[in-house]
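1. build me a model from this:
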Amino acid sequence: MPQSTIQTRIRQHPKFAETVSKSTRMAILLSFIVLIPYYTFMMITAYRPTILALPISERSIITVGWPVGEVLVIGAWLTTGFHNGMAIAGDYMSAATLLGLISLVYAKGVDNFIYTVSFFVGWPILLFLIAERLRNLGTFTFADIVLYRLDQNRIRTFAAFGSLTVVCFL
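-> Presented below is the predicted three-dimensional model:
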């Protein structure tokens, strides 16, 4: 049975829409569960640091900030792949735009500011054009698409060297 037929049958099943709705609600709930304590901790750290400096008991050297920070770190370990994907996308957009393109404007002049604007305009367009195809293939990265079409061992080696080159020299 072709993959598209199976996907169509799954999507038409009544429980599929229910599952998607429940997972969306759960993702939103988990986002709030993680973000509210994190931002509360940041605000307390910034505006009322003396609260975190209070000892847990009279003779203790451990302060309130230590267990609170530990809970936040453990909570960060429990985040889902969606949250990690959003973080990676945010890091990419922010680092590429604010570091690389701003340095281009500094080095070459204000006329190159158009590159900064076009990057922000082009990123969502590219995302909308490619995301559906990635989802239909069941892949998440460009390397996965290439692996689907070509020899896996050679492409994985090439992708690893390409990634290491970018990380080491840029």
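
2. run through the protein and note the low-pLDDT ranges.
-> 1-4, 79-80, 92-94, 96-97, 142, 170 (pLDDT under 70).

3. and the strands in it?
-> Using DSSP state E, the chain contains no strands.

4. and the longest helix along it, what does it pack against?
-> Determined from DSSP state H, the single longest helix within the chain is helix 14-47. In terms of contacts (3 or more C-beta pairs under 8 Å, 6 or more residues apart in numbering; DSSP states H and E), helix 14-47 is packed against helix 49-52, helix 65-77, helix 81-95. (C-beta placed from N, C-alpha, C; glycine too.)

5. again, only using 6 Å
-> Secondary-structure packing of helix 14-47 (3 or more C-beta pairs under 6 Å, 6 or more residues apart in numbering; DSSP states H and E): helix 65-77.

6. buried residues, the helix it packs on. List them.
-> Gly65, Val68 (16 or more other C-beta atoms under 10 Å).

7. identify all contacting residues around that helix.
-> Val34, Tyr38, Phe41, Leu52 (C-beta atoms under 6 Å, 6 or more residues apart in numbering).

8. could you redo the last one with a cut-off of 8 Å?
-> Residues from elsewhere that reach helix 65-77 (C-beta atoms under 8 Å, 6 or more residues apart in numbering): Ile33, Val34, Pro37, Tyr38, Phe41, Thr45, Leu52, Ala53, Ile56.

9. repeat for stretch 48-57
-> Ile44, Thr45, Ile61, Ile62, Thr63, Val64, Gly65, Pro67, Val68.

10. one more time with 6 Å, if that's ok
-> With C-beta under 6 Å, 6+ apart, stretch 48-57 has contacts from Ile44, Ile62, Thr63, Val64, Gly65.

11. just give me how far that stretch sits from the chain centre.
-> On the basis of C-alpha atoms, centre = their mean, to the nearest Å, stretch 48-57 sits 33 Å off its chain's mean C-alpha point.
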